[in-house]
Every structure is written in structure tokens, then in C-alpha cells.
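A.B. asks: quick one: sequence plus predicted model below, questions after.
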Amino acid sequence: MTTLEVQHLTKRFINAHLTAVSEVSFELENGEILALVGPSGCGKTTALRLIAGLERPDSGLIRLNGQVLASETEFVPPERRGIGMVFQDHALFPHLTVFDNVAFGLRGRKPSEVRAEVREMLRMVEMESLASRYPHELSGGERQRVALVRALAPHPVLLLLDEPFSSLDADLRGEVREQVRGILKSIQATVIFVTHDQEEALYMGDRLAVLQHGCLEQIGTPEQIFHTSATRFVAEFMGNSDFLPGKAIHQGIYTEVGWLPQPVAVNGSAPVEVALRGDDVDFDLAETGNGVIMERFFRGALNVYRLRLDSGQVLHAFKEHTIILPVGTRVRAYISAGHPLAVFHEGRAVSWS
Amino acid sequence: MHLTQIARSTLPHWHRARTNPRLMVAAGLVALFVAIPLVYIFIRALGAEPEAWQRLLRTRLWMLMGNTLTLLLAVTGGALLTGVSMAWLTERTDLPGRKILRGMLALPLAIPAYIGAIVHLTLLRPRGGFIPQMFEAIFGQPVPLPSPTGFWGTVFILTLFTYPYVYLLSGAAFRTLHAVLEEVARTLGRTTWQTLWQVTLPALRPGLMAGALLVALDILAEYGTVALLRYETFTSAIFIQLSGRYDRSAASVLSGVLVSLAIFVLYAELRLQGKARFTQMESNWRPAPPSMLGKWRLPAFFLVLAVISASLLVPMLALVIWSMRAFMNPQALAAVFRTGSIGFGSFVWNSLWTSSLAAVAAVALSLPVAIFSIRHPSRISRFISRLCQVGYAIPGVVIALSLVLLVNRLLPFLYATPFVVVIAYVLRHMPQAVRSSESAISQLSPSLEEAARNLGRTTMQTFFQVTLPLIMPGLLAGGALVFLTSIKELPATLLLRPAGFDTLAVRVWIWAVDGFYLQAAPAALILVLAAVLPLSFLLRREQIFR
């Protein structure tokens, strides 16, 4: 069942030359986690604030469970939307205890009910014993959990998370991330989650929406986004790809490292780019090859070699951790991928088969 | 928390909420209220008969301008020198007793300069002063001593009671200065002394400048001291025109010129505001280690002690001793407690309620302005915020002149009531309230308010349940500041009070001018004590007593 419907959402700020959010449309199913991902300044936080009602859209439509929240003519203020939000800096009220923070959103109920509900919420994140503490007495991870259950306590139809893990230390981040995803899935919350970290997006999202300059570049499952990027930008943003120029001829692509027998949907001899990750490229030692080893990075289980082709083009190739070759060795690089590769013409994907 | 605040405040402004029209109207009305007396003075000054201008230009204007500006420069220089050296000695060296000295150096802010002048004058007056008399008794002949009157006397007294502005601002800057800054200078080949001049002081420059400009504004507004020590400036000339000759057009012309001068200074101060600190508390911040004074420890200690003695210990001791003598002298005691039909209690009460009411009103009025300027930054909101700070540039005598004319014309029912006095306090001290409220609100992350909206509160509910409780300490500080400066305010009170409405400041002044310093002492002491309370609250907040 569709929970959230966003149509042609647009927001332009005065004094900003770019449109913050431009014609963004998507739908969100009940119980689904959508990760809104993109580089900083791409409009993802603005999109979230528009949905929360903290900003007013210039045009477009937001509908939650069939009810219009924002349109050309209507605007429901944030306090009447039934949408919960976890802020980047957690925004716990420093003058209230953990208990009162969580109870803040539970109004118009019997005190006993509120108590029970808050206890239940704190139990879920194992924070019952800290109910009477003030926010400044909590660790970063604890604050994170309080912020989460405070937003969840009123049972919002939709929960928004704005870079919730960015204020945590790197070693804590992975742990908290796992806990939070577990909790959200166990209560089947419908969630939009904003991050600039593609790895976090892949981990958290049932689906990913990639934004750039306020426009939605692609929306899909993590696998779709990662393997069949719709644009060169998505491929670039989601994974360390090299883009190898080539020419589309007949039933394949002619590149510097050889013929790639993969048909693409462009007219003859059009310039294209093939996205190559380290596992798509391999090389042999060859004095008469097409490139040279520039650098080797040891990554534990494997070695990553940075190659410079004779044209100056850089490619990365993975080798087993036992194969150690000196810098400056001449090699012959070739494409070793056993699957179709993402190919882009003028920045847009032209092939998956 | 600190870092996230900085991060939030540097967000581009389009990330903030939409302008709320009701808030804008409220802030605009406050600005209008503050601006009217200012604009009115200029209208009156420019509308004065050309004769008045010509007469003043031919005779007094240039003399007054020269007097006022030389005093301004001399006192500002003196306050800078005293303030910075005291701050450096107590914050950055191993001076003995520096923790106690730190607090004592700030306390002269609670003593109005005219009370300091009264004490020093009584002690040092060339004929009849305590100390000259004592010397005459010991040596059998008059001994020439420096006199606290005239230009240098005025500079001396005003420096003693205005240096704390510079001291507090530069002290805060010294405290927050990052140790690494100086260490880097040392590794790049500078000696300690070169580091002080080339790195430390330049890094503190914004704080020092802000302090110096506050001193300058204070000097432009100063009335009691210059009148008592017979050094003629704009304020004393305007006061005489107003109270003695009733020449309002001459007073308007002089006020117009004085306010233009003050606005010039204020403009510089406003430009500096916000840049007042180069240093930031970064996560790896640590305080710079103190400098070792070595053989200079004792001389330095006595230097600080001398400043504290002249500005705090001697005045306080004199007031206490005279108060005790007043209580032992039945005639003086009777005069203290009954002056005509008005008792001592009534002018204590008058001082307290007018200043408290002014504090509450100023803070309440500052709120819409502060919220508007911090949460909805734009050209309009910045203009409104700055307009609300012109009070700094309108000396008490000028506010009085403006209000006398305006109230007479527009609000005759308020004329000759104490409320005009309260209005004058609010107008004059609104800037302190606006600045405190703005700093309180800017330290509050907007996401807290957004979180409350998200959890089902309306704008109003959010203000009362989240914003107000969290900014309350900052508002209290603003209120304390307004109370402190209002209770000390002399010229506006003197000129605007209804007949028979005496405050502590007024009583001290009248008795002192008439030469009854014994009678004045208990009232002066209570006035100072009433000012010490809010001041110590403020200093504690600034963590000066660490």
C-alpha cells in the first residue's frame, strides 16, 4: 500500500542560484525504508524538510495516506502532519529529562498511558535505567537512541531521519546503524532516511533515491542503483568507478583495452563511456602491453593496482593479495567482467541487457 | 553542543524558517518606538532657528566639540591601557591572588562614575579635601597635591570607572585564546614580547576595539562626573540649557551634534559586533600557559592593587565610614531618613521599581526583535536590530530632552509621572537587552524548535514550552544588565522625574552637589550594593570567578 506520494516537488530559495529541489516525484510503500542520498547541497535535506512541513514548497504535491499535506493551495503545518523526525544534531530538549523528552510528543492522553508508552519505548532501546537523566549526561549513542524513540513515540505514519549518524564517531556509527535498522524493521516503520554516505544508504535503504542539484537521478533497490546506474553521476557517486572512453560500433564497443562485445542502444560510432570497477579489470605482464603500474594499495584480502594506460587514462584492477608487482611494470590491461557493464552516452545509461 | 551551534549558525540563511508577518510587525513596532525619540531630536535640531545655530557656531560649539573629543580620546586611551594590562596580568600571568583580583577589577562597574567622583573630590579637593587637610596638619603648611578637577582630574576619574568594559572584554578574549596560536609564533622565531605584540594583541583586537567603543559611548553620555568636576562637555552644556535657561532650541542643536558624534562611534561598534572574537573554542582547544613574571611579580601586584584601591576599595571604604558617621550623627541621621516629607525608604523603593520595570519591559520588547533578527536574517531584520541599538548613542540628557518634548505633545497624561523615567531607561538601555536576547537565541539550535513543531506544538506553544525556558538565563542576564545601568542613570532621571520623585541616584547627587557628603553616603552605598547584586550574577555567568 502506498503511504507517501510526492509529485513534482519543487523548492527554490531566494538568493540561491540553483533550485534546491526540482520536480522530484516518488512513492513510498508502507513499511519501506527509503534512503535519500547525494552529495552535500544536493537538496536531500530540503526535500526532507518539505515533507516534514518545516519548509513550504513552491509547487508540487505531497500526499500522506491519501491526505494532501502540501499543494498549490494547501499547507498543513508540521504539528498536524503526524510525521516524526530525527534531527542531525538530535535536538533533544536540554531542559527536559530523557523521560520528558520522549513524553513530549504524547499529549492529550492519561498520565498512566503516557508513562507506560514512554517506558515501552525506552525498553525498546534499552534506555529505561537512564529515564531521569538529562541529555548532557548521555553519550552520543544514547542521545541518538533517545532522539529516535522520541520521534517514534507518537507512532508517526512516517518517520524522517536527517543524517542521524553523522554526529557519531566512526566506530559507534556501524553499531548504532545496525540497531536502528533492526528497530525500524521490527515495528515496520515507514521511513525516509537522508545521508551523504553511499555505503550507509546501501546498508539502510530498502530502496535508494539518488539526488543531484535538486533532481532525482535514479530511484531503485540498492542492487539496481549499484549495478545498473541510470546515469554516469549515479555510477560515479555510488562506487569507485573508472570511466573508460570508447566508440559504439555495430554489436559492441571499441576501447583502448580491446573490444567489448556488448551491444548498446546508440547510433553507430557514437562516443560512450564504460564504467569499470576494480573487479571488472585484470591485466597480464607484457612488455608490449598498453599501460604501466603506477601504484599498489594493499587492502588486506586483495591488492588494488592503479594502472595508467598509454593514453593517460587511469584504471584500477584487483589482484589476489599474494600477487605483488613492482611499480613501473609494463602490463596489458583487459576487461575481465563476466557480466554486462554500465555504458553511458552523454551521461545517461545506454545499455543493460 | 558548542560545535553544533557554530555549525548551525553558519548554515546559509535559506535554511531557516519562513518570515512570520506577525513577528515582523512586532519587531518593527519596537524599532519605531526606539527610533522616534532619535528622529525627533534631529528634526528639532534641524528645525531650530538659524540664529540658534549661528550663535552656537560662533561661540560655544567648537569649544564643546574640542572638550568632548579630547576627553573621549584621553579616557578611551586610558581605559584601553588600564583594561588590557589588568586583563593580561590577571588572566595570563602568575600574579599572586589573581583569582580574587579578577573579580575585584570588574566590580567598579557597579559604582557610578559620579559617586566615584564625589568620593575622590571629597578626599582630594585642593581646599577643604580630607587629604590636603591631613597633610597640612602634619607638615604645618599646604602641600601641593594633584587635584581631581579639570581635564586631567576628569580623565582620571572616568578612566577608573570605565576601564572594566575593556577589562572584561579583553579578559574574555585572553581566556579563550588558543595556546597553539602563541606556540606557532614561538616556533616561527618570535620572542615572548614579539609574540604579545605581533600575535596575541592583534588576535584580541576586535574585543579590545569593542570595549574601547563602549567606553567612548559612555563618555559621550557622561553627565554627573563632568558637571561635578567642572569640565564642560556637550552633556553638561545641554543640561544647563534644559534645566537652567530653558533654551530648548539651543539644547536641540547641541543634542543633534552630540548624537551625530555618538552614532558615528556606534556605527563603528556595530560593524565590529559579531566579529568581536577571532578565537573560537575548537575541540582541541586548551588554554595558553601563564607567563612567569619573575622579579616583576610584586611590582605588578602593587600596580593592580593601586588600580583596585582607587576604583573600588577607597570609594567603598569611604562610603562605609561616612555612612557609619552619618548614623552616629543625629542631625545627619534625621536628614537621611526624612528629607522634607520623603523618607529614605521611598527613594530606595523608587530606584528599585523603576529600574526593575525598565528591565522587564526592555527584555520583553527585545524578544520579538531578537527572534526576528536571529531566526529570519535579512536586510530588514538586521536593520531593525541595529535600529534598536541606537539607545547606546542617545545620552541620558538627550533622551530627556526628546521625551520632554514628545510626551508633552503626544502623551500629555504621562507627563510628570515616573513612567516617563521608566520609558527613558527602556529607550536608553534597550541595546543591552537586544544583544543579550540575540545571543541567547543564537545559541539555541533551531532544530530544537523544529523538533517541537514536529512533535505537535504550534509556533506559540513551541515558544513558551521550548524556546523561552531555554533562553531564560540569557534573558535574565539582559534584564540584570538593564537594571544595573538604569539604577545608575542620573541625568535622565534628574530631568524627567516629577517634582518630589526621588531615586537613590537623584538623592546622592543633590546632597553631594550641596556638599552634604555624609548624608549622601548611605544612599550611595545602597545604590552601589543594589548594583553589585546583578553585576555579580553577570560576572558569575561569564565565569570570571573561575
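C.D. replies: Yes, it's here.
A.B. asks: what separates the nearest residue in space to B:Gln198 that is not next to it in sequence from B:Trp296, distance-wise?
C.D. replies: Nearest residue to B:Gln198, sequence neighbours excluded (Cβ to Cβ, 6 or more residues apart in numbering or on different chains): B:Arg190, at 6.1 Å. C-betas here are computed from N, CA, C, even on glycine. Taking Cβ to Cβ, to the nearest Å as the measure, B:Arg190 falls 20 Å from B:Trp296.
A.B. asks: kindly report the same for B:Asp514.
C.D. replies: Taken as Cβ to Cβ, the span from B:Asp514 to B:Trp296 is 46 Å.
A.B. asks: of those two, which one has the most company?
C.D. replies: Comparing B:Asp514 with B:Trp296 by other Cβ atoms under 10 Å in any protein chain shown, the one with more neighbours is B:Trp296, at 14 against 10.
A.B. asks: could I get the phi/psi values of that one?
C.D. replies: Main-chain dihedrals, B:Trp296, degrees, to the nearest 10: phi -90, psi 0.
A.B. asks: check contacts around it.
C.D. replies: By Cβ atoms under 8 Å, 6 or more residues apart in numbering or on different chains, the contact set of B:Trp296 is empty.
A.B. asks: pull the distance from the helix or strand harbouring A:Ala235 to the chain's centre.
C.D. replies: Element membership for A:Ala235, per DSSP states H and E: helix A:232-238. Relative to its chain's centre, helix A:232-238 lies at 11 Å (Cα atoms, centre = their mean, to the nearest Å).
A.B. asks: just checking, what packs against it?
C.D. replies: Contacts defined by 3 or more Cβ pairs under 8 Å, 6 or more residues apart in numbering or on different chains; DSSP states H and E place helix A:232-238 against helix A:198-204, strand A:207-212, strand A:215-220, helix A:222-227, strand A:242-249, strand A:270-276.
A.B. asks: so what are the sheet partners of the third one and their directions?
C.D. replies: Strand A:215-220 pairs in its sheet with strand A:207-212 (antiparallel), by DSSP bridges.
A.B. asks: can I get the CA coordinates of the partner strand in PDB?
C.D. replies: In PDB, the C-alpha atoms belonging to strand A:207-212 read as follows (Å, rounded to 0.1, in the frame of the first residue of the first chain):
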ATOM      1  CA  ARG A 207      15.300   1.500  -1.900                       C
ATOM      2  CA  LEU A 208      17.700   4.300  -2.700                       C
ATOM      3  CA  ALA A 209      16.900   7.700  -4.300                       C
ATOM      4  CA  VAL A 210      20.000   9.500  -5.600                       C
ATOM      5  CA  LEU A 211      19.700  13.300  -5.900                       C
ATOM      6  CA  GLN A 212      22.000  15.800  -7.600                       C
END
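A.B. asks: which other residues reach that strand?
C.D. replies: Outside strand A:207-212, the residues that touch it by Cβ under 8 Å, 6+ apart are A:24, A:26, A:32-39, A:42-44, A:47, A:201-202, A:216-222, A:225, A:233-234, A:237-238.
A.B. asks: who does the one helix or strand A:Ile51 maps to touch, helix- and strand-wise?
C.D. replies: Using DSSP H and E, A:Ile51 maps to helix A:44-52. Counting contacts by 3+ Cβ pairs under 8 Å, 6+ apart, helix A:44-52 is packed against strand A:2-12, strand A:19-29, strand A:33-37, strand A:83-86, strand A:158-162, strand A:191-195.
A.B. asks: shaky segments in the stretch 201-350 of chain B?
C.D. replies: Applying pLDDT under 70 to the stretch 201-350 of chain B flags residues B:245-246, B:273-289, B:332, B:335-342.
A.B. asks: residue contacts, whichever residue of the stretch 101-250 of chain A sits closest to chain B?
C.D. replies: Residue nearest to chain B within the stretch 101-250 of chain A: A:Gly105 (3.6 Å; Cβ to the nearest Cβ). Contacts for A:Gly105 were tallied using Cβ under 8 Å, 6+ apart; they are A:Gly84, A:Arg150, A:Ala151, A:Ala153, A:Pro154, B:Asn454, B:Leu455, B:Gly456.
A.B. asks: contacts for the worst-scoring helix or strand of chain A on mean pLDDT?
C.D. replies: One helix or strand of chain A scores below all others by mean pLDDT, DSSP states H and E: strand A:348-351, with a mean of 80. Contact with strand A:348-351 is made by A:228-232, A:248, A:262-266, A:272, A:340-344, as judged by Cβ under 8 Å, 6+ apart.
A.B. asks: mind doing that once more with 7 Å?
C.D. replies: Here strand A:348-351 makes contact (Cβ atoms under 7 Å, 6 or more residues apart in numbering or on different chains) with A:Ser229, A:Ala230, A:Thr231, A:Gln262, A:Val264, A:Ala265, A:Val266, A:Val272, A:Pro340, A:Ala342, A:Val343, A:Phe344.
A.B. asks: pretty sure the third one sits against A:Val343.
C.D. replies: In this case it means A:Thr231. No: contact criterion Cβ atoms under 7 Å: A:Thr231 and A:Val343 do not qualify, at 11.9 Å.
A.B. asks: torsion angles phi and psi at the residue nearest to B:Asp502 when sequence neighbours are not counted?
C.D. replies: When the adjacent residues along the chain are set aside, B:Asp502 lies closest to B:Phe347, with 4.2 Å between them (Cβ to Cβ, 6+ apart). Here is the backbone geometry of B:Phe347 (degrees, to the nearest 10): phi -80, psi -20.
A.B. asks: tell me the contacts of B:Phe347?
C.D. replies: B:Phe347 sits next to B:Asp502, B:Thr503, B:Leu504, B:Arg507 when contact means Cβ under 7 Å, 6+ apart.
A.B. asks: list the contacts for the second one?
C.D. replies: This points to B:Thr503. With Cβ under 7 Å, 6+ apart, B:Thr503 has these contacts: B:Phe347, B:Asn350, B:Ser351, B:Thr354, B:Thr493.
A.B. asks: can you check the pLDDT for the last one?
C.D. replies: This points to B:Thr493. Reported pLDDT at B:Thr493 in the predicted model: 91.
A.B. asks: that older thread, just put the contacts of A:Gly105 in JSON lines and tack on neighbour count and secondary structure.
C.D. replies: Below are the contacts of A:Gly105 laid out as JSON lines (neighbours: other Cβ atoms under 10 Å in any protein chain shown; DSSP: H, G, I helix; E, B strand; the rest coil):
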{"residue": "A:Gly84", "neighbour count": "26", "secondary structure": "strand"}
{"residue": "A:Arg150", "neighbour count": "30", "secondary structure": "helix"}
{"residue": "A:Ala151", "neighbour count": "25", "secondary structure": "helix"}
{"residue": "A:Ala153", "neighbour count": "22", "secondary structure": "coil"}
{"residue": "A:Pro154", "neighbour count": "20", "secondary structure": "coil"}
{"residue": "B:Asn454", "neighbour count": "30", "secondary structure": "helix"}
{"residue": "B:Leu455", "neighbour count": "26", "secondary structure": "coil"}
{"residue": "B:Gly456", "neighbour count": "19", "secondary structure": "coil"}
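A.B. asks: now pLDDT too, for those, in JSON lines please.
C.D. replies: Formatted as JSON lines, these follow (pLDDT from 0 to 100):
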{"residue": "A:Gly84", "pLDDT": "91"}
{"residue": "A:Arg150", "pLDDT": "92"}
{"residue": "A:Ala151", "pLDDT": "92"}
{"residue": "A:Ala153", "pLDDT": "91"}
{"residue": "A:Pro154", "pLDDT": "89"}
{"residue": "B:Asn454", "pLDDT": "89"}
{"residue": "B:Leu455", "pLDDT": "91"}
{"residue": "B:Gly456", "pLDDT": "89"}
